[in-house]
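# Return a 3D structure for these sequence lines:
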Amino acid sequence: MIRIHVFVEGQTEETFVKEILCEHLQQKDIYLNPILVRTSSTNKGGVVSYAKIKPQLNRKCLEDDSAFVTTMFDLYRLPNDFPGSSSIPSTNDPFQKAEYLEQQMSADIKHQNFLPNLLVHEFEGLLYSNPQAFLVWFDQSIVDSLQAERNLFLSPEHINEGPTTAPSKQIIRCCLGYEKPLHGSLIAMDIGLDTIRQQCQHFNQWLTRLENISGGNG
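I've put the predicted structure just below:
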């Protein structure tokens, strides 16, 4: 069995990996192990400093070079010390931006079993794959508002990273009472992995890469 350690930012992403991605990849004899990043000796969650994250990634890559290590970090609000953050190409294409930063992170980690990945722009963007899934928790007018926002963009991953217009900010503004740890992973489950993959190009490319791992790190 192929083993992949997935570093995540928070409990919602951890649940998403456990409840959705693990089950899917187990069918391909691939075992995922979600790991919540540490921000201090006592606290977990959030990528507030790359300097605190890098040793964790390096250590896991070295602990078992027969396994793979990947990430599920938000492109939105990456710390200023993240590799490549000071030299991002001038582009309106979110995929080019994410791929550039992933390449920079890969060059910085330097392990063959490391597979960098950033969510474009954040986990909540995946939930725009089907705003109708919010109807389980919120009324139709809210769903209509979310759908209207989704319709303004080419894809859920194009919903931008502005401080007031990022996916999470828009959902919180529309959905009074929205709690990411409670609602986020449950809504993602209702949407389903197939729909998320169809709507979210960069996410799908990452998952396809994991699916196609055949063993070995060469």
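# Tell me how far residue 140 lies from residue 176.
Remark: distance between residue 140 and residue 176 (Cβ to Cβ, to the nearest Å) = 15 Å. Bear in mind the C-beta positions are built from the backbone N, C-alpha and C, glycine included.
# ok, then the element right after the strand or helix carrying residue 97?
Assigned by DSSP states H and E, residue 97 falls within helix 94-109. Using DSSP H and E, the next helix or strand after helix 94-109 towards the C-terminus is strand 114-115.
# strand partners of whichever helix or strand comes after that next one, parallel vs antiparallel please.
For strand 114-115, the succeeding helix or strand toward the C-terminus, using DSSP H and E, is strand 118-119. Paired strands of strand 118-119, with direction, are strand 68-74 (parallel) (DSSP bridges).
# Once you drop chain neighbours, what's closest to residue 172?
Once flanking residues are discounted, residue 172 sits nearest to residue 178: 5.6 Å by Cβ to Cβ, 6 or more residues apart in numbering.
# Might one say that the one you found is in contact with residue 171?
Yes - using Cβ atoms under 8 Å, residue 178 makes contact with residue 171 at a distance of 5.7 Å.
# quick one, which of the two is more surrounded?
A direct count of neighbours by other Cβ atoms under 10 Å for residue 178 and residue 171 places residue 171 higher, at 24 against 19.
# Under a three-state scheme, what state does that one occupy?
Here residue 171 is helix, with the state taken from DSSP: H, G, I helix; E, B strand; the rest coil.
# show me the residues around it that make contact.
Counting by Cβ atoms under 8 Å, 6 or more residues apart in numbering, residue 171 makes contact with 124, 127, 146, 178.
# same check, this time on residue 20
When contacts are counted by Cβ under 8 Å, 6+ apart, residue 20 touches 185, 188, 189, 193.
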